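Student: Predicted model and sequence below, questions to follow.
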Amino acid sequence: AQTVTQSQPEMSVQEAETVTLSCTYDTSESNYYLFWYKQPPSRQMILVIRQEAYKQQNATENRFSVNFQKAAKSFSLKISDSQLGDTAMYFCALTQGGSEKLVFGKGTKLTVNP
Amino acid sequence: DVKVTQSSRYLVKRTGEKVFLECVQDMDHENMFWYRQDPGLGLRLIYFSYDVKMKEKGDIPEGYSVSREKKERFSLILESASTNQTSMYLCASSLETGWGQETQYFGPGTRLLVL
């Protein structure tokens, strides 16, 4: 069975600083996708960034980037120049090749302090 | 913009009541999902539908059923609500490409309290 582990239930960072959220996963599939989703307080969950397992290059979306270590089954999210609007629950998720179903981690609550 | 709406933001029901949670998406997505979100447990998939009238059990289907009579609408049914079903329920939808790469678009959630 596929599993996703987020070992940091809560984190905090000062505005404008950089923070890294950790995620490890387990799968026996060779083709899969990894995602980071963000759920701001009382707002809808949205996609932050996506990584295909076959691509060696780490995905980047503006201030958000990932460190994908396939052999170690690690998929961390780096947020640069943190902003107050980055305060949210962050969920790491895994799909399998050919399936649109997601397996989620338990989430990391990130607070950006002014 | 993709829009996923859920019929209620907050719902209070009594033990034993039949509860309907409705979800509607406006982007002609093939896939629709119902998740349950609990603190410390993350999101867990209850049911998944990949087409009208087609459904697949997720990780925690016990005590729930679903209905998808139209492509845009996916209903979650609690046949006899129990206190351990008090939770946040999230609906999501996505395209079906067969590759597992598609973004899931989430609704705002329904916070259900069963007394």
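Tutor: Yep, it's here. Numbers count the residues shown, from 1 in each chain, chains lettered A, B, ... in the order given.
Student: use CA for all of it now, contacts and neighbours both
Tutor: Noted.
Student: What residue in chain A comes nearest to chain B?
Tutor: A:Lys106 (3.8 Å; Cα to the nearest Cα).
Student: Would you confirm that that residue contacts B:Gly42?
Tutor: Yes. Using Cα atoms under 8 Å, A:Lys106 is in contact with B:Gly42, at 3.8 Å.
Student: Just want to know which of these two has more residues nearby.
Tutor: Between A:Lys106 and B:Gly42, counted using other Cα atoms under 10 Å in any protein chain shown, A:Lys106 has the larger neighbour count: 25 against 20.
Student: just for chain A, where's the confidence low?
Tutor: A:96-98 (pLDDT under 70).
Student: neighbours of A:Phe112, just the number please.
Tutor: Phe isn't right for residue A:112; it's Val. 19.
Student: what does stretch A:13-25 contact?
Tutor: If you take Cα atoms under 8 Å, 6 or more residues apart in numbering or on different chains as the criterion, stretch A:13-25 is touched by A:2-8, A:73-84, A:92, A:94, A:105, A:108, A:110-114.
Student: do stretch B:77-87 as well
Tutor: Applying Cα under 8 Å, 6+ apart, the external contacts of stretch B:77-87 come out as B:13-21, B:36-38, B:63-67, B:111-115.
Student: Show me which of the residues you listed are buried.
Tutor: Listed as buried from the contacts of stretch B:77-87 are B:13, B:19, B:21, B:36-37, B:64-67, B:111-114; burial here means 16 or more other Cα atoms under 10 Å in any protein chain shown.
Student: Select from the contacts of stretch B:77-87 every entry located in strands.
Tutor: B:13, B:19-21, B:36-38, B:64-67, B:111-114 (DSSP state E).
Student: just to revisit the earlier point, overlap of the contact sets of A:Lys106 and B:Gly42?
Tutor: Contacts common to A:Lys106 and B:Gly42, judged by Cα under 8 Å, 6+ apart, are A:Phe91.
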